[in-house]
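Participant: quick one: sequence and predicted model below, then my questions.
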Amino acid sequence: MTADAGLSVFEQLDLPDTSLARDTYAYVDRISPAFVLHHSVRSYVFARAHAHAQGLRAGSDYDDELLFLSCVLHDIGLTDEGNGDQRFEVDGADAAAAFLRERGVEERRIAIAWDAIALHTSDGIAARKGTEVAPAQAGIGTDILGVQRDSLPSGLADDVHVLLPRLDLAYALSDAILTQATAKPHKASPITFPGELLRRHLPYGAYPSWYDLLASAGWGDKPVGLTARRRAETPQQVGTLFMEYLEAGDVEGLVSLYEPNAHFVPAPGTHLTGTDAIRAAMQQMVDSGSHLNLELRDIRQVDDIALVSNNATLTGAGPEPVISTTTEILRRQPDGGWAHVVDDPFDNVGRV
C-alpha cells in the first residue's frame, strides 16, 4: 500500500491514531506481503467488534492501541525478517517484542502482546488470557476460519474487505507456513498446527502422528481401551479383521482398517473418500445386520504396498446375497500394521 492508502485506511476504519500505531502499520507494510498486512488489520477490526459485543470499552476495559499492535504484528513470524528457528507464532512474538522494546514500550504491555501473538493459534488458551489477548485471537479466527463471523455488525466485513481485499488469504497464509516448515521442519513439530499442515503435504506416514510418537518413546507402553484393537500384521489379516469387526458391530474397528483419506466403494457407482464417509458406510452395514465372508483369491506385494483380491459374499444387506470379487490396495502403516488405501468390492476391471 502507498502512504496515502495507508492514511485512508486509518481514517476510514477508525484505527488507533497514535505514532506507535502508525509506525507499526508502516513496519508490517514494509516487511510483509499485502495479504498478511490486510489480514492483520482486518483481524483488529473484527477483534474490536467482538470486544464491543461483549460490552468491553476501549480505554477502560482494554488497551485499544495494544490490541491493534498485537493484531497487526501477529503474523510477522511468517516474514523473512521474522523467520527464526521456532514455531512461526513464537518467532513472531519474539520479533514483535523486539520491535516494541526498541520503541520504548513498557515491558508489561510487551508481555501482553507477546502472549497474544504466541497464542493466536491456541484454542482454549488464548481465550483465558487478558482482555487484549482473547479478542485478538477471536478476531484472527474470524478472518481466517469465519469463527463468530455471524456476530459481526451487519456490513462490517463487506466494508473492510473493500478497503483490504482478502487476496486468497487462507491459502496464501497456508503456503507461507508450509514454505517455512518445508525448509525448517523443526519449526513444525508433529503435534502442532504447523506440523499438522506439513503432514498433509508429505507422503503418507512420512511425518509422525501422535501414536507414532508414542510407539517410538522407548517406554514400551501398550495400547489399552479404545486403542487396543489388533492391527493387521499382514495384508491377508486385513480381511480377517474386517469380518471379525463387522460380526462384532465394531464400527471404529472397521474404520481403523482404512487410511484417513482412503477410497471405498460400498455399492457399484458409489465412491466415498475419507474417514467420516467411510464411518457412515460402516455404520450402515452394521445397522443392516450385514455379514461378510471373504476368501483370498490372490495377492501381490511389493515392499509396503499390496494388491489384494478376495471372493466376497455379503448377506443381510438385502434380500439376496451379494457376490463379488474385490480389488483392494493396502499399505503398511508407520506402526507396522496394514490398512486400505483403496477398497473396491465391485471393480472387475482391476482384478489381479
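Facilitator: Nice, I can see it.

Participant: immediately after the helix or strand bottoming out on mean pLDDT in the chain, which helix or strand?
Facilitator: Of all helical and strand segments in the chain, the minimum by mean pLDDT, DSSP states H and E falls on helix 3-12, at a mean of 66. Heading C-terminal from helix 3-12, the first helix or strand you meet, by DSSP states H and E, is helix 19-31.

Participant: name the residues that touch that following helix?
Facilitator: Counting by C-beta atoms under 8 Å, 6 or more residues apart in numbering, helix 19-31 makes contact with 1, 6, 10, 15, 36-37, 40-41, 65, 68-69, 72-73, 76, 79-82, 99, 103, 105, all of which sit outside it. Just so you know, the C-beta spots here come from the backbone N, C-alpha and C atoms, and that holds for glycine as well.

Participant: measure residue 143 to residue 79 for me?
Facilitator: The gap separating residue 143 from residue 79 is 18 Å, by C-beta to C-beta, to the nearest Å.

Participant: looking at the two, which is more packed in?
Facilitator: Between residue 143 and residue 79, counted using other C-beta atoms under 10 Å, residue 143 has the larger neighbour count: 28 against 19.

Participant: I'd say the more buried one and residue 41 touch.
Facilitator: No - with contacts defined as C-beta atoms under 8 Å, residue 143 does not count as touching residue 41, sitting 9.5 Å away.

Participant: for stretch 330-347, list the C-alpha coordinates in PDB.
Facilitator: In PDB, the C-alpha atoms belonging to stretch 330-347 read as follows (Å, rounded to 0.1, in the frame of the first residue of the first chain):
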ATOM      1  CA  LEU A 330      -3.300 -51.900   1.000                       C
ATOM      2  CA  ARG A 331      -0.300 -50.000   2.500                       C
ATOM      3  CA  ARG A 332       1.900 -50.800   5.500                       C
ATOM      4  CA  GLN A 333       1.400 -48.000   8.100                       C
ATOM      5  CA  PRO A 334       4.000 -46.300  10.300                       C
ATOM      6  CA  ASP A 335       3.200 -48.600  13.200                       C
ATOM      7  CA  GLY A 336       3.800 -51.700  11.000                       C
ATOM      8  CA  GLY A 337       0.100 -52.600  10.500                       C
ATOM      9  CA  TRP A 338      -1.700 -52.700   7.200                       C
ATOM     10  CA  ALA A 339      -4.700 -50.600   6.100                       C
ATOM     11  CA  HIS A 340      -6.700 -49.900   2.900                       C
ATOM     12  CA  VAL A 341      -5.800 -47.200   0.600                       C
ATOM     13  CA  VAL A 342      -8.500 -48.300  -1.900                       C
ATOM     14  CA  ASP A 343     -11.200 -50.800  -1.200                       C
ATOM     15  CA  ASP A 344     -13.500 -51.600  -4.200                       C
ATOM     16  CA  PRO A 345     -15.500 -54.800  -3.800                       C
ATOM     17  CA  PHE A 346     -17.000 -54.300  -7.300                       C
ATOM     18  CA  ASP A 347     -14.000 -53.500  -9.500                       C
END
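
Participant: all strands of this structure, in order?
Facilitator: Using DSSP state E, the strands of the chain run over 258-267, 270-273, 291-302, 305-315, 322-325, 327-332, 338-344.

Participant: name the nearest residue to residue 151, ignoring sequence neighbours.
Facilitator: Spatial nearest neighbour of residue 151, chain neighbours left out: residue 53 (5.9 Å); criterion: C-beta to C-beta, 6 or more residues apart in numbering.

Participant: right, I'll call it a day here.
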